[in-house]
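Asks: one predicted model, sequence on top.
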2 protein chains.
Amino acid sequence: MRLIAHGPMAAEVSKAGGIGFIGSGNDQSKLHEQLSDAQSLLSSCPPSQIIRGANDTLPIGVGFLNWGADLDVALPLLKKYRPAAVWLFAPHTIDTLVQWTRETRKATDNASKVWIQVCSVAEALDVARTCEPDVLVIQGVDAGGHGLHQGCSICALLPEAIDALQNAVQNREVKSMPTILAAGGVMEGRGLAAALALGAEGVVMGTRYLVADEAEIRQGYKDEVIRATDGGQTTVRTSVYDQLRRTTEWPKQYGGRSVTNQSYHDAINGMPLEENMRLYNEAAEMGDKGWGPQGRMTTYAGTAVGLVTRLQSAKNITKEVRAEARAVIKNLSDVMSSTGNL
Amino acid sequence: MRLIAHGPMAAEVSKAGGIGFIGSGNDQSKLHEQLSDAQSLLSSCPPSQIIRGANDTLPIGVGFLNWGADLDVALPLLKKYRPAAVWLFAPHTIDTLVQWTRETRKATDNASKVWIQVCSVAEALDVARTCEPDVLVIQGVDAGGHGLHQGCSICALLPEAIDALQNAVQNREVKSMPTILAAGGVMEGRGLAAALALGAEGVVMGTRYLVADEAEIRQGYKDEVIRATDGGQTTVRTSVYDQLRRTTEWPKQYGGRSVTNQSYHDAINGMPLEENMRLYNEAAEMGDKGWGPQGRMTTYAGTAVGLVTRLQSAKNITKEVRAEARAVIKNLSDVMSSTGNL
């Protein structure tokens, strides 16, 4: 949600009972302004409406992309604002995560919780051993935007990672069990209930919030998210869009899942990158018309994009998904009670 | 489960309260014997223990791969044995499914239920419109063995396909809602509970039954299924194994998910197919030692292979998974009741 989720989005999600994130990504030049915005928006809100972080933290999170994020810029801001959560992802090496975890905890007197996103069982174990994060976000291949090229869904990944972590805790290889959240393929209440069944304690959602009123993207992007269906067939995880957008510092094992469009088809049909970039830059001048199946602008989105069918406020999305999940669980339980079986 | 699930496996799963399948695949030369075996095994079982199909059907199913299955051989056997379910998958064109559905229903006086497996929302709608199957099996990318190269998990696919089918029923494009089952990534009770939360009425499982006592595969294959972990990283959907095994009649959009081994690494590193086949054939003479990460024999398995940790009877697998799912749902419901929230 780099360049998309700023202070207003983060504040609205937290006000609705979730925890909203600022997508600071690899560029912290706007982080001060983003945190300051979120703080103002939250301080004008009755205390009863918000979930307060421990130790008087600012009840939002900040997400960093560690292949490019600037620790020196981030630290004084983390110290000043004490966001409830600091999300780390996609370093070139795990040492970067160890350093960010340590420095974040020092700067905030352990007040900010450290969330680290991983995409495999091996990564989950490595990160748990070396960083002892408060939260592990376990991301499956359905996720929109960037994740490992090679992977599996949360159906397989969550239960196996949880079992492996619990074993590691028992064998004293890992100090304590982190909180487990699921990412990738969760768009509404059915997905949330499924993630809880798989062993997660909660979920994170990106694609669904692309169409939130507070998402700072072009209407053309939002329209394309609402138009796209059957995401297993119409989205793809690729590095093509990183090349076109010149975000090529991502470690090579990561690709961004996007709705396929003309840029993508031209790339796989052999159009030279230079020509494809020229056409991309032309499309960027077209405003909302740059998006769509025959368009060239990037629509990062997960495979469950077909479940996003309308524009909504971040607040309503947050409340609706939780209410739906409650109804799903109640229904499953009722069916089981009434039949005495599955 | 072609060449793996025969009469004994099918009978044991059905005796345990599931519905077991014979994997007849694309070669019906053993189907008579397989059905006859299953019938004998089930007739020696007290009636109270088995789920009877409607209209006095044989309470097992038969799975066909429609790119190669022989309708002329199958039909008299379906007529004679009336299996409770006939599973269709992977035709060259949808017309084949229409023909098999019609002929199966005619041969069995509508007694055998027609199950059709699909891998996308578009396929689900096409098949529902043209075949009106009793059951749609919705398969996600986590599945072991063959499925579409391009796809998504059941997290995204199930809810969107269900919504699309329900809309199509409302618009009278589809006559009635088929029963929905999930395939791909479900290995135990957490996965089953998750699939139910996503809207399925049940699941089908393949990989887990590879290690059943009744699975007719080499111990080397079973050992490799138990050894493999972190299947998002260690399995891959590919056509390499089809080439090595000369099962190249699969329509080109399908690949088989397998645990990666030396054959696969050699293939992607450019070894000519002829040399790779020669080494494969040599490995085939080595018995159980032909399997493993440095081996060359194929281990078809889903991404959740890491959750398969021990040999078991088909009966115990079937009972255990259902009991686990009941516990998961009860726990979710209890947590929700005790906190009044999610």
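Replies: Received, thanks.
Asks: in stretch A:189-207, what counts as buried?
Replies: A:189-200, A:202-207 (16 or more other Cβ atoms under 10 Å in any protein chain shown). In short, each C-beta sits where N, CA and C put it, glycine included.
Asks: so how far is that stretch from its chain's centroid?
Replies: 13 Å (Cα atoms, centre = their mean, to the nearest Å).
Asks: what is the end-to-end distance of it?
Replies: 14 Å (Cα to Cα, to the nearest Å).
Asks: mind checking if it is in reach of chain B?
Replies: Yes - using Cβ under 8 Å from any Cβ of the partner chain, stretch A:189-207 comes into contact with chain B via A:190, A:191, A:192, A:193, A:194, A:195, A:196, A:197, A:198, A:199.
Asks: I'd assumed the fourth one was in a strand, is it?
Replies: No - counting by DSSP: H, G, I helix; E, B strand; the rest coil, residue A:193 is located in no strand; its state is helix.
Asks: pretty sure it is touching residue A:333, no?
Replies: No - counting by Cβ atoms under 8 Å, residue A:193 stays clear of residue A:333, with 10.8 Å between them.
Asks: mutual contacts of those two, please.
Replies: Counting by Cβ atoms under 8 Å, 6 or more residues apart in numbering or on different chains, the residues touching both residue A:193 and residue A:333 are residue B:332.
Asks: export the residues of stretch A:189-207 next to chain B to JSON lines and tack on pLDDT?
Replies: Putting the residues of stretch A:189-207 next to chain B into JSON lines (pLDDT from 0 to 100) gives the following:
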{"residue": "A:190", "pLDDT": "98"}
{"residue": "A:191", "pLDDT": "98"}
{"residue": "A:192", "pLDDT": "98"}
{"residue": "A:193", "pLDDT": "98"}
{"residue": "A:194", "pLDDT": "98"}
{"residue": "A:195", "pLDDT": "98"}
{"residue": "A:196", "pLDDT": "98"}
{"residue": "A:197", "pLDDT": "98"}
{"residue": "A:198", "pLDDT": "98"}
{"residue": "A:199", "pLDDT": "98"}
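Asks: and of those residues, the nearest to residue A:316?
Replies: Nearest to residue A:316, judged by Cβ to Cβ, of the residues of stretch A:189-207 next to chain B is residue A:192 at 15.2 Å.
Asks: any idea of the angle whichever helix in chain A runs longest forms with helix B:314-339?
Replies: For chain A, the longest helix by residue count, based on DSSP state H, is helix A:314-339. Helix A:314-339 and helix B:314-339 meet at an angle of 130 degrees, taking axes from the mean of the first three to the mean of the last three Cα atoms, to 10 degrees as the criterion.
Asks: quick one: average pLDDT of helix A:314-339?
Replies: Averaging pLDDT along helix A:314-339 yields 94.
Asks: who are the packing partners of it?
Replies: On a contact count with 3 or more Cβ pairs under 8 Å, 6 or more residues apart in numbering or on different chains; DSSP states H and E, helix A:314-339 meets helix A:7-15, helix A:189-197, helix B:189-197, helix B:314-339.
Asks: what about that helix, distance to the chain center?
Replies: 23 Å.
Asks: likewise stretch A:59-69?
Replies: Here stretch A:59-69 shows a centroid-to-chain-centroid distance of 10 Å under the convention Cα atoms, centre = their mean.
Asks: show me where chain A has its strands.
Replies: Assigned by DSSP state E, chain A shows strands spanning A:21-25, A:58-65, A:83-89, A:113-118, A:135-139, A:145-148, A:179-183, A:202-204, A:235-238, A:254-259.
Asks: give the partner strands of the second one in its sheet and their orientations.
Replies: With DSSP bridges as the criterion, the sheet partners recorded for strand A:58-65 are strand A:21-25 (parallel), strand A:83-89 (parallel).
Asks: would you turn those strands into JSON lines with mean neighbour count, distance to residue B:312 and mean pLDDT?
Replies: Output for those, formatted as JSON lines (neighbours: other Cβ atoms under 10 Å in any protein chain shown; distance: least, Cβ to Cβ, whole Å; pLDDT from 0 to 100):
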{"stretch": "strand A:21-25", "mean neighbour count": "25", "distance to residue B:312": "43", "mean pLDDT": "96"}
{"stretch": "strand A:83-89", "mean neighbour count": "25", "distance to residue B:312": "38", "mean pLDDT": "97"}
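Asks: turn those strands into JSON lines, columns for distance to residue B:100.
Replies: What follows is the strands paired with strand A:58-65, written out as JSON lines (distance: least, Cβ to Cβ, whole Å):
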{"stretch": "strand A:21-25", "distance to residue B:100": "50"}
{"stretch": "strand A:83-89", "distance to residue B:100": "47"}
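Asks: coming back round to it: now the angle from the longest helix of chain A to helix A:189-197?
Replies: 70 degrees.
Asks: could you list the buried residues of helix A:314-339?
Replies: For helix A:314-339, by 16+ other Cβ under 10 Å, it's A:314-315, A:317-318, A:321-322, A:324-326, A:328-329, A:332-333, A:336.
Asks: let me see the contact set for the nearest residue to residue A:63 once chain neighbours are set aside.
Replies: Take residue A:63 and drop its neighbours on the chain: the residue closest to it by Cβ to Cβ, 6 or more residues apart in numbering or on different chains is residue A:87, 4.0 Å away. Neighbouring residues of residue A:87 by Cβ under 8 Å, 6+ apart: A:21, A:61, A:62, A:63, A:64, A:115, A:116, A:117, A:137.
Asks: the fifth one contacts residue A:86, correct?
Replies: Yes - counting by Cβ under 8 Å, residue A:86 is a contact partner of residue A:64 at 7.1 Å.
Asks: any residues in contact with both of the two?
Replies: In contact with both residue A:64 and residue A:86: residue A:100, using Cβ under 8 Å, 6+ apart.
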